[in-house]
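Asks: Quick one, what's the 3D model for this:
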Amino acid sequence: MRYREPEEVLGEKSTKRNNVVEGVQVYSIADGELVLMLESVSQDGIDALIARKPRRVICLDWLFAGDDQLKTNTVLRMKDAAIDFRTV
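Replies: The predicted structure follows:
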């Protein structure tokens, strides 16, 4: 299976690739209702993303690179902000 850019899968019009939140590249879909984090994650990026209040955030699990504290804090803070946060 070959790698496909998010724009290929989700459609060019619905995906905005050039969103950078505190140095973290994110993919915003449906005017920010869904945000994908596919390249990197940081505490500053998480803080800024929570402030934007998307409805749902999906993040690749391996981006946390064994930083269980960052992952756990992210899960809890997203829950407190009523943001559906998932890792895959």
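Asks: Low-confidence ranges, this protein, go.
Replies: 1-18 (pLDDT under 70).
Asks: what ranges do the helices span in it?
Replies: Assigned by DSSP state H, the helices in the chain fall at 6-10, 43-52, 68-80.
Asks: And those: which comes nearest E22?
Replies: helix 43-52 (4.0 Å; Cβ to Cβ). In short, each C-beta sits where N, CA and C put it, glycine included.
Asks: pull the CA atoms of the closest one into CSV?
Replies: Output of helix 43-52 as CSV, limited to C-alpha atoms (Å, rounded to 0.1, in the frame of the first residue of the first chain):
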residue,chain,number,x,y,z
GLN,A,43,2.9,20.8,24.4
ASP,A,44,2.7,24.2,22.9
GLY,A,45,1.0,22.8,19.8
ILE,A,46,-1.6,21.0,22.0
ASP,A,47,-2.2,24.2,24.0
ALA,A,48,-2.8,26.2,20.9
LEU,A,49,-5.0,23.5,19.3
ILE,A,50,-7.2,23.3,22.4
ALA,A,51,-7.7,27.1,22.3
ARG,A,52,-9.1,26.7,18.8
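Asks: List the buried residues in that helix.
Replies: By neighbour count on 16 or more other Cβ atoms under 10 Å, the buried set for helix 43-52 is 45-46, 48-50.
Asks: just stretch 50-66 next, same as before
Replies: So stretch 50-66, judged by 16+ other Cβ under 10 Å, has buried residues 50, 54, 57-59, 63-64.
Asks: Taking those residues, tell me the two that lie furthest apart.
Replies: The distance between the two most remote of the buried residues of stretch 50-66 (Cβ to Cβ) is 18.6 Å, for P54 and F64.
Asks: spatially speaking, which residue is in the middle of this structure?
Replies: Nearest to the mean C-alpha position of the chain, counting by Cα atoms, centre = their mean, stands M37 at 3.2 Å.
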